[in-house]
Each structure stands twice: as C-alpha cells, then as structure tokens.
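Build the 3D model from these lines:
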Amino acid sequence: MYSTKQLSRDQFANLVEKWTDLYVNNLTPDQLREHVAEDLFNTMWNMRKYSSDTEVYEEMIGWGGEDIFEVSYKHAEIVEQHGGKNA
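Next up is the predicted model:
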C-alpha cells in the first residue's frame, strides 16, 4: 500500500499538499466548520502556553475582528460571574 521509506522534504510536502486538498474537498460544510473550530481553539490555547493573554487576544482579533472578540470577551466575563455556567 505505502512504503516506509523516508521521503525527501519536497516529496513529503507534495504528499501532504495533495492529501490536504483531497481531504478538505471531500468534507461536508459541517465537517469543515467542526475541523476549523477545533483547530482554532487548539491554536489559541497552545499560543497561551508560550505567550501572553494579550498576544492571544491580538491573534483572535486578527482572525475574526474586534466585534467578534468583544462579544466573546463579554460572554466569558458573564460566564465567570455566574460561577462558570454557560450564559
């Protein structure tokens, strides 16, 4: 089926690029949304491990704009005020 030999950097890049293209283009819109949401959450969470909250906030604003960030930030404050229950 596949070889266990080590691919060159270019061969590996070509493999991953083709696989990504085929995989993404076969996802339903709901599957794509789920993958993007999970990946963005993990990206922001992992950024926080290595940088400040402010840097993560700036990244979030860069991706989604200030309006989305403000709504999300206010929601997080409301959740905290209610003992961590979803508002």
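
Quick one: distance of the helix or strand bottoming out on mean pLDDT in the chain to the chain centre.
Lowest mean confidence among the helices and strands of the chain (mean pLDDT, DSSP states H and E): helix 53-81, at a mean of 90. With Cα atoms, centre = their mean, to the nearest Å as the basis, helix 53-81 stands 15 Å off its chain's centre.

swap in stretch 20-28?
On Cα atoms, centre = their mean, the centre of stretch 20-28 falls 17 Å from the chain's centre.

what packs against the least confident helix or strand of the chain?
Counting contacts by 3 or more Cβ pairs under 8 Å, 6 or more residues apart in numbering; DSSP states H and E, helix 53-81 packs against helix 29-50. For the C-beta atoms, the positions are set from N, CA and C on the backbone; glycine is no exception.

Which elements pack onto the helix it packs on?
Judged by 3+ Cβ pairs under 8 Å, 6+ apart, the packing partners of helix 29-50 are helix 53-81.

ok, now which ones touch the residue nearest the centre of the chain?
When Cα atoms, centre = their mean is applied to the chain, the residue found nearest the centroid is residue 40 (1.6 Å). Listed by Cβ atoms under 8 Å, 6 or more residues apart in numbering, the contact set of residue 40 reads residue 63.

domains of the chain?
For the chain, automatic domain parsing gives the domain ranges 9-50, 52-87.

And the last one, what's buried?
Of the residues in domain 52-87, those buried by neighbour count under the rule 16 or more other Cβ atoms under 10 Å are 56, 59-60, 69.

closest to residue 3 out of the domains of the chain?
Nearest to residue 3 among the domains of the chain is domain 9-50; the distance by Cβ to Cβ comes to 10.8 Å.

quick one on the thing from earlier: can you put the domains of the chain in CSV and add distance to residue 2?
Converted to CSV, those look like this (distance: least, Cβ to Cβ, whole Å):
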stretch, distance to residue 2
domain 9-50, 10
domain 52-87, 35
